[in-house]
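Chemist: the following comprises the amino acid sequence and a computationally predicted model.
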Amino acid sequence: MDQLLLLGGVSLPGTFAELSTYALALALGLFVGLEREWADRFLGAQVFPIACLLGALGASAGSTLLLGATGTLVLLHAGALTVRGSVAGDDEVLLTSAALVLVFVVGALVGLGRPFAGISATVATSFLLLLEDELGAFADSLTDEEIESAAQLALLAFVLYPVLPDHPILGVNPRDAWILMVAIGALGFVNYAVMQYYDSGGLALTGFVGGLVSSTAAIASVGSRFGDGDSGAVRTVVGIVLLANAAMLVRNIGLVVLVVPEMAATVTPPLVAAGVVAVIAAVFVADWNESIDMEFEEPFELERAVKFGVLFAGVLAISSLARTYVGSSAFVLTNVLAGAVSSASATTAAVTLLEAGKIDVGTAALSILGSSAASIFVKVGLVSSMDSDLVKPVGAASVGLAVVGGLAYGGLLFFV
């Protein structure tokens with residue numbers, strides 16, 4: 001609206017858009033200022049809106065000189081506030097002065113026509129200010145091991161992963177193996193936090209949710225962290241394996257239903273049967289209220305993550321070589337091998353090829369069921385490298401799920 005606004009019959013220079021910009025800047029500054037006033041800081045409901053408005057005026061005027069002058073004024077004010085707080089021994093004043101500078105930048109963003117960025121920054125800043133005491137207490141409670149583990153995981157996820165080649169090398173995409181290492185580390189952090197606050201009961205949730213992401217990573221993140229000879233811990237880990245398997249089956253069902261729903265009637269019954277049995281068995285096998293001895297001295301162990309990353313890469317390499325030298329007729333076999341590491345990838349490959357008409361429904365169904373079974377049985381091998389006490393119960397549970405799924409599939413073929 002570029003026409004002049006009228007107020008009481010008197011024309012006012014400026015447009016509605018400009019006035020909206022300044023009103024938004026005042027509102028955002030007031031939003032942060034009220035929080036500072038509520039927190040008993042001497043800068044608050046007056047200074048913060050003014051600082052934000054200065055930023056909006058300087059930016060919207062299109063004058064670098066004006067924006068620089070107003071910015072300098074706010075910086076000098078924040079600097080004086082910081083010096084005053086330092087002399088008085090009030091370290092918390094640093095937070096208020098930093099917020100004051102940020103509010104000016106928010107006003108400049110609004111003035112430059114980027115209101116969403118300004119609003120997002122304001123809300124995030126207010127949230128951090130409100131959690132000032134809680135975040136301080138949390139930081140004080142962190143141990144050296146937790147900080148080191150977080151740094152290692154950040155290095156893997158945000159520094160090394162982006163620079164890895166995103167193409168197959170000897171049939172293996174390095175990023176595929178690396179992302180499993182990151183997933184194991186992330187799930188390890190989740191399990192660590194759960195154990196700190198909820199003991200074994202929370203592991204039921206993390207086992208299932210982790211299984212939706214990667215059942216292999218979910219087991220790898222907790223399988224070797226329990227005390228030797230602790231029967232309660234053994235039952236709990238078996239329960240986690242069962243829940244992770246159930247989640248894996250649910251995820252595979254979802255992939256089939258979303259991509260090729262016409263195949264759901266063939267694949268869903270055996271997967272549902274095995275998943276339901278897994279959940280029921282997990283409820284009765286483990287006492288989720290029992291306190292167990294889980295060895296979470298640090299949330300992330302690089303050696304364990306690397307070990308499973310190498311295993312993942314090895315299985316992918318074998319699968320790729322088999323597909324290359326044996327031919328497409330070995331699709332089911334190679335998909336089962338791939339499912340031992342990532343049944344989600346194997347299921348996705350099957351439904352994608354089926355949708356493209358490169359394989360038939362029977363081949364796709366067998367490869368999906370086979371890769372799901374491989375994902376179940378590979379966990380026996382995983383836990384065998386962790387503790388021998390886990391092999392028999394996890395093996396028995398895996399055989400049980402496979403038998404249930406096989407009977408359901410056989411019954412489906414017989415009666416349909």
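Modeler: Looks like it arrived, so ask away. Quick caveat, the model's predicted, so the values are computed rather than measured.
Chemist: do a quick rundown of the helices in the stretch 151-300 of the chain.
Modeler: Counting by DSSP state H, counting those that start in this stretch, the stretch 151-300 of the chain has helices at residues 174-198, 201-222, 231-259, 264-285.
Chemist: tell me the buried residues in the third one?
Modeler: Buried residues in helix 231-259, counted by 16 or more other CB atoms under 10 Å: 232-253, 255-256. Yep, even glycine has a C-beta here, placed from its N, CA and C like the rest.
Chemist: same thing with the last one?
Modeler: Within helix 264-285, the residues that count as buried by 16+ other CB under 10 Å are 266-271, 273-275, 277-279, 281-282, 285.
Chemist: tell me what it is packed against?
Modeler: With contacts defined as 3 or more CB pairs under 8 Å, 6 or more residues apart in numbering; DSSP states H and E, the packing partners of helix 264-285 are helix 231-259, helix 361-384, helix 391-415.
Chemist: now the second one, how far from the chain's geometric center?
Modeler: From the chain centre to the centre of helix 361-384 is a distance of 25 Å (CA atoms, centre = their mean, to the nearest Å).
Chemist: now residue 120: how far from residue 252?
Modeler: Using CB to CB, to the nearest Å, residue 120 is found at 37 Å from residue 252.
Chemist: might you list the low-confidence residue ranges for the stretch 251-400 of the chain?
Modeler: 288-301, 304, 307-308, 311-312, 315-316, 318-329, 385-387 (pLDDT under 70).
Chemist: pretty sure residue 77 contacts residue 100?
Modeler: Yes - between residue 77 and residue 100 there is a contact under CB atoms under 8 Å: 6.9 Å.
Chemist: can you name the residues that contact residue 58?
Modeler: 66, 67, 68, 69, 70, 71, 107, 108, 111 (CB atoms under 8 Å, 6 or more residues apart in numbering).
Chemist: let's go with 10 Å and repeat that
Modeler: For residue 58, the contact set (CB atoms under 10 Å, 6 or more residues apart in numbering) comprises 64-71, 73-74, 104, 107-108, 111-112.
Chemist: mind giving me the domain ranges of this structure?
Modeler: 5-137, 143-415 (automatic domain parsing).
Chemist: ranking those domains by burial, who's on top?
Modeler: domain 143-415 (a mean of 19; mean count of other CB atoms under 10 Å).
Chemist: now, the most widely separated pair of the contacts of residue 58?
Modeler: Using CB to CB, the contacts of residue 58 span at most 18.6 Å, a distance reached by 73 and 112.
Chemist: any low-confidence regions in the stretch 1-150 of the chain?
Modeler: 1-14, 40-43, 91.
Chemist: what do you get if the cut-off is 80, keeping everything else the same?
Modeler: Along the stretch 1-150 of the chain, segments meeting pLDDT under 80 span 1-17, 39-44, 85-93, 136, 138-139, 141-143, 145-146.
Chemist: quick one, strands of it?
Modeler: Counting by DSSP state E, counting those that start in this stretch, the stretch 1-150 of the chain has strands at residues 5-7, 10-12.
Chemist: ok, now which ones touch the nearest residue to residue 277 once chain neighbours are set aside?
Modeler: In space, residue 277 comes closest to residue 404 once its chain neighbours are excluded; the distance is 4.9 Å by CB to CB, 6 or more residues apart in numbering. Shown in contact with residue 404 (CB under 10 Å, 6+ apart): 270, 273, 274, 275, 276, 277, 278, 281.
Chemist: how far away is residue 404 from residue 273?
Modeler: Applying CB to CB to residue 404 and residue 273 gives a distance of 5 Å.
Chemist: cool, residue 247 as well?
Modeler: With CB to CB as the criterion, residue 247 and residue 273 are 16 Å apart.
Chemist: could you do residue 61 as well?
Modeler: Plainly put, residue 61 is 70 Å away from residue 273 if you go by CB to CB.
Chemist: before we move on, the earlier item: residue 134 is nearest to which of the helices and strands packed on helix 264-285?
Modeler: Taking the helices and strands packed on helix 264-285 one by one with CB to CB, helix 231-259 is closest: 30.2 Å.
Chemist: the closest one packs against which elements?
Modeler: helix 201-222, helix 264-285, helix 343-355, helix 361-384, helix 391-415 (3 or more CB pairs under 10 Å, 6 or more residues apart in numbering; DSSP states H and E).
Chemist: closest to residue 169 out of those?
Modeler: helix 343-355 (17.1 Å).
Chemist: restrict the closest one to CA atoms and write it as PDB.
Modeler: Extracted in PDB, the C-alpha atoms of helix 343-355 (Å, rounded to 0.1, in the frame of the first residue of the first chain):
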ATOM      1  CA  SER A 343      17.200 -53.900   6.100                       C
ATOM      2  CA  ALA A 344      15.800 -50.500   5.300                       C
ATOM      3  CA  SER A 345      18.200 -50.200   2.400                       C
ATOM      4  CA  ALA A 346      17.400 -53.700   1.200                       C
ATOM      5  CA  THR A 347      13.600 -53.100   1.500                       C
ATOM      6  CA  THR A 348      13.900 -49.800  -0.400                       C
ATOM      7  CA  ALA A 349      15.900 -51.500  -3.100                       C
ATOM      8  CA  ALA A 350      13.300 -54.300  -3.500                       C
ATOM      9  CA  VAL A 351      10.200 -52.000  -3.700                       C
ATOM     10  CA  THR A 352      12.000 -49.600  -6.000                       C
ATOM     11  CA  LEU A 353      12.900 -52.300  -8.500                       C
ATOM     12  CA  LEU A 354       9.400 -53.800  -8.200                       C
ATOM     13  CA  GLU A 355       7.900 -50.400  -9.000                       C
END
